[in-house]
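Undergrad: From the sequence below, what's the structure:
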Amino acid sequence: MLERNSLTKIRKDVEGCIGKKVILKANKGRKKTTVREGILESAYPSLFVVRICNQYDSTRRVSYTYSDILTETVEVTICDEAQRKIKIS
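TA: Numbers count the residues shown, from 1 in each chain. Next comes the predicted model:
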């Protein structure tokens, strides 16, 4: 039951940050991690979507589940207007 409450809390935290700039650090396995910066675009009951723009002016959308945050496969850091960084966990 603790896990369900944790997933619910993570989902509410993510839903409260829609439209904000985020930094994603994703663990790809075998000591490979990627760090991306984007905007939290939308949140659904089981996943959330981040829009990423790169230096080549192409837009890409990536999606992750809330359990990815719970299992620490993905670290999400919210950047607010005052340039503070808030980690969702």
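
Undergrad: tell me the pLDDT at the residue nearest in space to the middle of the chain?
TA: Centroid-nearest residue in the chain: residue 76, 4.1 Å away (criterion: Cα atoms, centre = their mean). According to the prediction, residue 76 has pLDDT 90.

Undergrad: Bridged to it, which residues?
TA: With DSSP bridges as the criterion, residue 76 is bridged to residue 24, residue 88.

Undergrad: oh, and call the first residue 9 from now on, that's how I've got it
TA: Done: numbering now begins at 9, and the last item shifts to residue 84.

Undergrad: so it touches residue 18, yeah?
TA: No: judged on Cβ atoms under 8 Å, residue 84 makes no contact with residue 18 at a distance of 9.0 Å. Backbone N, C-alpha and C define where each C-beta goes, glycine included.

Undergrad: Quickly list what's touching both of these two.
TA: 77, 96 (Cβ atoms under 8 Å, 6 or more residues apart in numbering).

Undergrad: Go through this structure and flag its longest strand.
TA: For the chain, the longest strand by residue count, based on DSSP state E, is strand 40-51.

Undergrad: For that one, list every residue counted as buried.
TA: By neighbour count on 16 or more other Cβ atoms under 10 Å, the buried set for strand 40-51 is 46, 48, 49, 51.

Undergrad: Confirm that residue 14 sits in a helix.
TA: Yes: the assignment for residue 14 is a helix, going by DSSP: H, G, I helix; E, B strand; the rest coil.
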